[in-house]
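[1] I would like the atomic coordinates for the input below:
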Amino acid sequence: MKKVEIFDPAMCCSTGVCGPVVDPELTRIASAVYSLEKKGFTITRYNLTNDPGAFVENGTVHQALAEKGPEALPVVLVDGEIVKMAEYPTNEELAEWFGTTPAELQEKPRVRVSVNFGN
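    Numbers count the residues shown, from 1 in each chain. Presented below is the predicted three-dimensional model:
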């Protein structure tokens, strides 16, 4: 089974899907990663803000950053090899790597919200 790692630029939260204006590309990748994780595939995202050690400890990513700077991010590794830099993988690429279909990568996380009206 393939192992995919995505090294994100510095973001305010682990997915980048927060704040008043959300980048649709970050929403798409968050949904795809969620769907793949739910199916048991090995895919991990590292955020430069929250996981700086992962960027230093991974020699391949560390070298890419040393050569190209933060403009290289996101860096995408498949089985330890760089397959993309400066852009996220498409749903088609993710589906190909994991042997699934792009349609299966669109499940959105569901969050239960409770409202207390103080009654």
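[2] can you tell me the closest non-neighbouring residue to the residue most central in space within the chain?
    Nearest to the mean C-alpha position of the chain, counting by C-alpha atoms, centre = their mean, stands residue 45 at 4.3 Å. Nearest residue to residue 45, sequence neighbours excluded (C-beta to C-beta, 6 or more residues apart in numbering): residue 6, at 4.6 Å. All C-beta atoms are positioned from the backbone trio N, CA, C, and that covers glycine.
[3] now do the SS call for that neighbour.
    What DSSP: H, G, I helix; E, B strand; the rest coil gives for residue 6 is strand.
[4] if it is in a bridge, with which residues?
    Applying DSSP bridges to residue 6 yields these beta-bridge partners: residue 45, residue 76.
[5] and it, how many neighbours does it have?
    Neighbour count of residue 6, defined by other C-beta atoms under 10 Å: 21.
[6] that one touches residue 29, doesn't it?
    Yes - contact criterion C-beta atoms under 8 Å: residue 6 and residue 29 qualify, at 7.3 Å.
[7] thank you kindly, that will do.
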